[in-house]
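Q: Next one to model:
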Amino acid sequence: MVKRIIAHSAAARWIVLALVAFTMMTGYIVAKEMSPLEYLLELPTAQGGMGWTSGEFGLFAGSRGFFNVFFLMLFVGGIILDKTGVRFSGMLSCVLMLGGAYTIYYAVAHMSPSGVSSWTMPGTDLQGVKHQVLIASLGLAIFGIGYELCGITVSKVIVKWFSGKEMALAKGIQVALARLGTALALAGSPLVAHRFSLSTPILLGVLGVGIGSVAYLFFCSLDRSVDDITTSDVEQKKSEKFHFSDLAMTVKNRGFWLITLLCMLYYSALYPFLDFATKLMISKYGVSPSVAGTIPAILPFTSIVLTPLFGAFYDKKGRGATMMIVGTVMLTAVLMVFTLPFGASWLAITLMLILGLAFSLLPSVLWPAVPKIVPMKQLGTAYSFIYYIQNLGLMAVPVIIGAVLQRSTVDGVIDYAGAMWIFAGIGLVAILVAFAILHFDKKYHYGLEQANYND
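A: Residues are numbered from 1 along each chain as shown. Predicted coordinates:
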């Protein structure tokens with residue numbers, strides 16, 4: 001009787017959300033904690049840096065999706081989740097995140113940056129990459145497996161505990177906390193590094209994931225205590241189990257592929273841009289290295305407030321495909337302004353505020369659009385595909401940008417125009433895809449322009 005009361009208690013649901021959302025937030029901190037440290041990592045060792053090149057940093061930034069892409073770990077993780085449940089898969093993700101984060105810390109804190117390997121990346125100028133960079137990249141790749149698995153698992157936890165209740169609000173809070181983690185990493189890492197050492201913010205990330213793992217253990221205990229009085233989880237496992245027939249049906253859906261392509265383009269333009277944005281603020285806009293990370297941090301801080309608001313607008317007013325077009329146009333316009341050969345700190349802040357609107361607008365309509373295009377029984381397969389294709393872009397674009405920036409560096413001065421035109425070009429393609437989504441919505445009546453519910 002007591003367990004049944006706990007299982008249906010509103011307080012228990014929100015405690016569960018707080019625990020798993022906190023765990024996910026610590027993962028987001030580690031995912032972006034190195035991005036604002038690029039400038040310091042590329043300083044000569046005599047000045048306290050590691051002597052990394054732009055190409056080496058791009059290799060590191062792109063390594064997070066390596067195992068997910070080449071070893072199909074996203075699909076493996078989904079199968080593990082369906083077969084073992086949220087407790088085992090969640091703790092597995094925590095172990096992988098913790099191990100990967102510590103490997104990054106070990107490489108930066110304890111490995112000499114002078115050791116050079118014979119490894120060369122085909123088709124690029126990357127050769128003689130530092131052992132330190134390779135080990136740090138391996139750590140981020142391992143972390144990336146757990147990071148993506150944690151995201152999928154936390155989503156399923158929210159469905160399990162909030163189904164038929166405040167599910168949309170719960171998901172919005174979880175996303176807001178994830179964005180907060182990104183903002184803390186972008187704004188806090190440079191401050192901590194300047195105050196203590198280059199490896200200190202990385203160590204704090206390791207400790208954060210450790211605390212997040214303990215929080216997930218508390219969730220497992222609470223989840224286990226009520227699991228014996230409900231069969232919903234068993235039923236859900238049966239209905240969501242991976243089926244190759246669902247895979248075939250999903251890949252034939254044109255609208256699904258357009259949404260998937262737009263997701264990849266959007267995240268490939270925005271997240272890799274954030275990886276290099278801190279150094280851009282320093283090199284081109286004259287911002288102090290100690291506070292340069294606070295300007296890119298405008299994006300996640302903005303989305304904490306605006307993403308739920310845009311989502312509420314979409315729920316009540318619709319116009320989802322139109323909002324995708326507006327978001328991609330805003331994204332591309334800002335990236336094109338960044339290609340111009342002049343700049344000032346006030347302009348950088350203004351552009352980031354506008355980019356923050358796009359950063360909030362697109363996710364608020366992209367993810368709710370998927371269930372309108374893909375039948376419910378195929379959603380698991382669909383999300384696995386979206387995450388996989390998205391990881392392709394997140395892995396490739398940072399490597400390309402890093403190589404371009406390395407070629408564009410003359411006597412220590414970086415010309416960002418070429419790299420920014422690549423980002424802008426991705427945005428231009430995203431605009432075309434958004435218009436195609438609107439066209440197919442009118443043709444096949446997906447309902448993207450319709451409200452999600454009527455008052």
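
Q: okay, now residue 162: neighbour count?
A: Around residue 162 there are 18 other residues, counting by other C-beta atoms under 10 Å. C-beta here means a position set from N, CA and C on the backbone, and glycine is covered the same way.

Q: residues contacting it?
A: 13, 17, 170 (C-beta atoms under 8 Å, 6 or more residues apart in numbering).

Q: try residue 219
A: Residue 219 touches 16, 19, 20, 23, 90, 157, counting by C-beta under 8 Å, 6+ apart.

Q: follow-up on the earlier one: how about the contacts of residue 162 in TSV, adding pLDDT?
A: As requested, the contacts of residue 162 are exported to TSV (pLDDT from 0 to 100):
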residue	pLDDT
13	90
17	91
170	74
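
Q: Looking at the residues you listed, which are in helices?
A: Using DSSP state H, the members of the contacts of residue 162 that fall in helices are 13, 17, 170.

Q: Any chance of the residues you listed in CSV with distance to residue 305 as columns?
A: Formatted as CSV, the ones in helices among the contacts of residue 162 follow (distance: C-beta to C-beta, whole Å):
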residue, distance to residue 305
13, 23
17, 19
170, 17
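
Q: can you pick the most crowded of those residues?
A: residue 17 (23 neighbours).

Q: May I have the residues that are in contact with it?
A: Taking C-beta under 8 Å, 6+ apart as the criterion, residue 17 is in contact with 158, 161, 162, 170, 173, 174.

Q: distance of residue 413 from residue 405?
A: Counting by C-beta to C-beta, to the nearest Å, the gap from residue 413 to residue 405 is 11 Å.

Q: now do residue 374
A: 38 Å.

Q: Please apply the same query to residue 369.
A: For residue 369, the distance to residue 405 - C-beta to C-beta - is 34 Å.

Q: for residue 326, same thing?
A: Distance from residue 326 to residue 405, by C-beta to C-beta: 30 Å.

Q: Show me which of these two is the more surrounded one.
A: residue 405 (24 against 16).

Q: I'd guessed that one sits against residue 61; true?
A: No. When contacts are counted by C-beta atoms under 8 Å, residue 405 is not listed as touching residue 61 (11.4 Å).

Q: what element comes up after whatever helix or strand residue 270 lives in heading to the C-terminus?
A: Assigned by DSSP states H and E, residue 270 belongs to helix 254-283. As assigned by DSSP H and E, the chain's next helix or strand after helix 254-283 is helix 298-317.

Q: What residue spans form the domains of the chain?
A: Residue ranges for each domain of the chain read 1-242, 243-455, as given by automatic domain parsing.

Q: ok so, going back, Serialize the contacts of residue 17 to a markdown table and add fields for secondary structure.
A: Formatted as a markdown table, the contacts of residue 17 follow (DSSP: H, G, I helix; E, B strand; the rest coil):
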| residue | secondary structure |
| --- | --- |
| 158 | helix |
| 161 | helix |
| 162 | helix |
| 170 | helix |
| 173 | helix |
| 174 | helix |
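
Q: Check the contacts of residue 219 against residue 417 and report the nearest one.
A: residue 23 (40.4 Å; C-beta to C-beta).

Q: and the closest one, what pLDDT?
A: Looking at residue 23, its pLDDT is 98.

Q: buried residues in whichever strand or helix holds it?
A: Using DSSP H and E, residue 23 maps to helix 10-32. Across helix 10-32, burial judged by 16 or more other C-beta atoms under 10 Å covers 12-13, 15-32.

Q: now residue 420: how far from residue 356?
A: For residue 420 relative to residue 356 (C-beta to C-beta), the value is 18 Å.

Q: One more: residue 343?
A: Residue 343 is 18 Å from residue 356, by C-beta to C-beta.

Q: same question, residue 59
A: From residue 59 to residue 356 the distance is 28 Å (C-beta to C-beta).

Q: Likewise for residue 12?
A: Distance from residue 12 to residue 356, by C-beta to C-beta: 35 Å.

Q: Residue 21 now?
A: In terms of C-beta to C-beta, residue 21 sits 21 Å off from residue 356.

Q: can you check residue 309 too?
A: Taken as C-beta to C-beta, the span from residue 309 to residue 356 is 13 Å.

Q: Please apply the same query to residue 205.
A: On the measure of C-beta to C-beta, residue 205 and residue 356 end up 24 Å apart.

Q: Can you lay out the contacts of residue 219 as TSV showing distance to residue 302?
A: What follows is the contacts of residue 219, written out as TSV (distance: C-beta to C-beta, whole Å):
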residue	distance to residue 302
16	28
19	26
20	24
23	24
90	29
157	27
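
Q: and which of the residues you listed is nearest residue 293?
A: Nearest member of the contacts of residue 219 to residue 293, counting by C-beta to C-beta, is residue 23, at 23.6 Å.

Q: isn't the closest one right up against residue 154?
A: Yes. Between residue 23 and residue 154 there is a contact under C-beta under 8 Å: 7.2 Å.

Q: Can you work out which residues contact both of those two?
A: Joint contacts of residue 23 and residue 154 (C-beta under 8 Å, 6+ apart) are residue 90.

Q: ok, and for stretch 66-86, which residues are buried?
A: 66-69, 73-75, 77-78, 80-82, 85-86.

Q: From those residues, which land in helices?
A: 66-69, 73-75, 77-78, 80-82, 86.

Q: can you name the two of these that are farthest apart?
A: Spatial extent of those (C-beta to C-beta) is set by the pair 66 and 86 at 25.6 Å.
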